[in-house]
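A.B. asks: 3D, please:
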Amino acid sequence: MIVCGVLHEDDCPALLKTDWKYCPLCGRKTAAVKINSDTFTLTSLQESRITLQLRHEGFADIDGSVETADSALSLTSSPYFSLAPDRRVASIALTAGRIDKEQYALILLVTQNQRRDGGNADLVWRRQSELREPKRLRLIPTLPGRLEIQETLLLFSRATRERTLTLRNSGSTPLDVTLESLPVEYVLKEGSERRQIPPLGTITMLLGSVENRPAAGRREVILRCNGEDQTVSLLRLPERRSPLNPPRFVVGVDFGTRNTSVVIRDLRGDGTSLSLSFVSDVREPTCMYFSTVTRRVYFGDEAYAEQQNDGPARGVLVERLKEYLTGEKEPFFDSAKAYGFPNLENFKVNNLLALYMRDWKELIDADLDQRTQGSGAEVFYVFSVPVLDDTGAGDGPLYRLHTERMRKALRDAGFPADDPERFSFVKEPAAAALHFLIGKAFHPEVNARVAKMMKTQNAQLAQGIPLLIIDSGGGTTDVMLGNAM
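C.D. replies: This next block holds a predicted model:
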């Protein structure tokens, strides 16, 4: 015996006997159709055939059909079935389309059932179709093993000598990973160099710095998987500067699409003022010229002057480098090849940017040397960058790509780009806002200009006042909305 509501998944309380064909309360057959399994594993990005197994439950014969309610599935066999106590299993063939991630598809299970005709006292039974609730089938693609590195940058310091590298396999097949290369300043403390990550599994590798303290700077771990290399950066932080010994100079660099400016602030000499002095000219064109006549490279205004002296089509003019930091174009490579320049790798965007920044580094060093009369001083460098697609957390892919390529070029040019005690990026509109706010605090002329702008004699920037900053340059326009704090 079985309860009708249990058989048909509803609330009918009738207790059915094995020799009954119909329920005396609800009028349905004492039979139901169930699906053996609703989860199917498919071949990724290929059409896959699946077999839907239907199971008979109950005491009476029952027939019906299967209908697809989703474009992800199509029938490849007859949709009709007939089940009985002596034929308890039926199969329906379906084809699933190409999928690359887990999803669900709907089918409709229609059974030919009978219900009592309430208007007939003789309990005449009539045949009718019963449409059950749509059934969800879970489709899981068989994805090849794919390596995901949860931490692409591991920071070490005097206090933090060990860090855990976490590797995940996001595919549905096992994945072999090899620690191909590890810098000599670091050791693998736990785990083996060759590991297998199970489907959707995770493994860890414990890395440690050696006892004699590796030099500060960025190193790379190389992991090989499926014949391809992936890298993880290891960064040893330098010893923190004592607050009793702050940097003397702050060098600000505005690397623009059309022009670049560099200013130096002497914290010891300027005090709290915003008086700044410029390196070289107030503004220098962001360009280089490689002459086929002199076989030399020229920067800024000299680049345009030398190009004019050489005449048309006598060299490679490099402009608007900033625009190419978020893409894969190499716009100067073919021109250099056509002019017969050797060492064509030097004409790739990353190397050109490093060369351009190296020229600025020499100018800055010469200026600082003159200011300190060769005695040297602590310097902090700030480079402005566009906002691009960053939302404030530094996680926008274009912003991350731009700053990573900038950092590498600056490192190659001799700037301490990996030392947070001596280097940082600042978003261009944020730099403009800070200059305005600090200027408002310390400069009467700025205060007067703001007062006039706000049409108030004693205008004040109170806590929380909204500010709209628009930074329109030669290649990008950034807009930032913030509050005065």
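A.B. asks: Now tell me what touches stretch 365-385 from outside.
C.D. replies: 241, 245-255, 264, 266, 279, 399, 402-403, 406, 410, 415-416, 421-428, 431 (C-beta atoms under 8 Å, 6 or more residues apart in numbering). Backbone N, C-alpha and C define where each C-beta goes, glycine included.
A.B. asks: Strands - which of the residues you listed land there?
C.D. replies: Taking DSSP state E, the ones among these that sit in strands are 249-255, 264, 266, 423-427.
A.B. asks: Nearest to residue 64, out of these: which one, please.
C.D. replies: Proximity of these to residue 64 (C-beta to C-beta) peaks at residue 427, which lies at 64.0 Å.
A.B. asks: beta partners for the closest one?
C.D. replies: Beta-bridge pairing for residue 427 (DSSP bridges): residue 385.
A.B. asks: Give the buried residues for stretch 153-173.
C.D. replies: 154, 156, 161, 163, 165, 167-172 (16 or more other C-beta atoms under 10 Å).
A.B. asks: count of residues packed around residue 8?
C.D. replies: Close neighbours of residue 8, defined as other C-beta atoms under 10 Å, add up to 22.
A.B. asks: Need the three-state assignment for residue 322.
C.D. replies: helix (DSSP: H, G, I helix; E, B strand; the rest coil).
A.B. asks: Please list all residues in contact with the closest residue to it other than its chain neighbours.
C.D. replies: Once flanking residues are discounted, residue 322 sits nearest to residue 257: 4.6 Å by C-beta to C-beta, 6 or more residues apart in numbering. The neighbours of residue 257, taking C-beta under 8 Å, 6+ apart as the test, are 286, 320, 322-323, 473-476.
A.B. asks: returning to that earlier point: out of the ones in strands among the contacts of stretch 365-385, which are buried?
C.D. replies: 249-255, 264, 266, 423, 425, 427.
A.B. asks: would CSV of those with distance to residue 365 be doable?
C.D. replies: Listed next are those as CSV, based on distance: C-beta to C-beta, whole Å:
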residue, distance to residue 365
249, 11
250, 15
251, 10
252, 16
253, 13
254, 18
255, 17
264, 11
266, 15
423, 15
425, 21
427, 26
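A.B. asks: Among those residues, give me the pair with the biggest separation.
C.D. replies: Largest separation among these by C-beta to C-beta: 266 and 427, giving 24.6 Å.
A.B. asks: picking up where we left off before, return the member of the ones in strands among the contacts of stretch 365-385 nearest to residue 28.
C.D. replies: Once C-beta to C-beta is applied, the member of the ones in strands among the contacts of stretch 365-385 that ends up nearest residue 28 is residue 427, at 68.4 Å.
A.B. asks: pLDDT score assigned to the closest one?
C.D. replies: What the model reports as pLDDT for residue 427 is 87.
A.B. asks: gap between it and residue 304?
C.D. replies: According to C-beta to C-beta, to the nearest Å, residue 427 and residue 304 sit 29 Å apart.
A.B. asks: again, but for residue 233
C.D. replies: Separation of residue 233 from residue 304 (C-beta to C-beta): 38 Å.
A.B. asks: got it, and residue 344?
C.D. replies: Taken as C-beta to C-beta, the span from residue 344 to residue 304 is 24 Å.
A.B. asks: picking that back up, for PyMOL, write the select line for the buried members of the contacts of residue 257.
C.D. replies: To isolate the buried members of the contacts of residue 257 in PyMOL, using 16+ other C-beta under 10 Å:
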select buried, resi 286+322+473
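A.B. asks: center of the protein - which residue?
C.D. replies: residue 397 (5.2 Å; C-alpha atoms, centre = their mean).
A.B. asks: Pop out the phi and psi values for that residue.
C.D. replies: phi -60, psi -40 (degrees, to the nearest 10).
A.B. asks: of the ones in strands among the contacts of stretch 365-385, closest to residue 222?
C.D. replies: Nearest to residue 222 among the ones in strands among the contacts of stretch 365-385, counting by C-beta to C-beta, is residue 423 at 25.5 Å.
A.B. asks: Check whether that closest one really touches residue 411, as I assumed.
C.D. replies: No - under the criterion of C-beta atoms under 8 Å, residue 423 makes no contact with residue 411, lying 9.4 Å away.
A.B. asks: Please enumerate the shared neighbours of the two.
C.D. replies: Shared contacts of residue 423 and residue 411, defined by C-beta under 8 Å, 6+ apart, comprise residue 417.
A.B. asks: pLDDT averaged over the longest strand that the chain contains, what's the number?
C.D. replies: Ranked by number of residues, the top strand in the chain under DSSP E is strand 103-116. Averaged over strand 103-116, pLDDT sits at 76.
A.B. asks: what lines up beside it in the sheet?
C.D. replies: Strand 103-116 has these strand partners (DSSP bridges): strand 62-68 (antiparallel), strand 125-131 (antiparallel), strand 135-142 (antiparallel).
A.B. asks: Show me where the stretch 201-350 of the chain has its helices.
C.D. replies: For the stretch 201-350 of the chain, the helices defined by DSSP state H, counting those that start in this stretch occupy 267-270, 301-310, 333-338, 349-372.
A.B. asks: Show me which residues of stretch 14-24 are buried.
C.D. replies: For stretch 14-24, using 16+ other C-beta under 10 Å, the buried residues are 14, 16, 20, 22-23.
A.B. asks: Only alpha carbons, please: show it as CSV.
C.D. replies: Extracted C-alpha coordinates of stretch 14-24, given in CSV (Å, rounded to 0.1, in the frame of the first residue of the first chain):
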residue,chain,number,x,y,z
ALA,A,14,-6.0,8.2,0.1
LEU,A,15,-4.3,4.9,1.0
LEU,A,16,-4.0,2.9,-2.3
LYS,A,17,-4.2,-0.9,-2.4
THR,A,18,-2.1,-2.9,-4.9
ASP,A,19,-5.0,-4.2,-6.9
TRP,A,20,-6.6,-0.7,-7.4
LYS,A,21,-6.3,1.0,-10.7
TYR,A,22,-7.6,4.4,-9.6
CYS,A,23,-7.6,6.5,-6.4
PRO,A,24,-11.1,6.7,-4.9
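A.B. asks: what's next to it, contact-wise?
C.D. replies: 1-5, 7, 12, 25-26, 28-30, 58-60, 114, 116, 125.
A.B. asks: just checking, what packs against whatever helix or strand residue 471 lives in?
C.D. replies: Following DSSP states H and E, one finds residue 471 within strand 466-472. Packing contacts for strand 466-472, counted by 3 or more C-beta pairs under 8 Å, 6 or more residues apart in numbering; DSSP states H and E, involve helix 428-442, strand 477-483.
A.B. asks: Report all helices and strands that the shortest one contacts.
C.D. replies: The contact analysis (3+ C-beta pairs under 8 Å, 6+ apart) places strand 477-483 against helix 428-442, strand 466-472.
A.B. asks: okay, the ones you listed in TSV with distance to residue 313 next?
C.D. replies: Converted to TSV, those look like this (distance: least, C-beta to C-beta, whole Å):
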stretch	distance to residue 313
helix 428-442	35
strand 466-472	33
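A.B. asks: out of those, which comes closest to residue 144?
C.D. replies: Taking those one by one with C-beta to C-beta, helix 428-442 is closest: 42.1 Å.
A.B. asks: hang on, the earlier thing: quick one, what contacts the residue nearest to the centre of the chain?
C.D. replies: So residue 397 contacts residue 389 (C-beta under 8 Å, 6+ apart).
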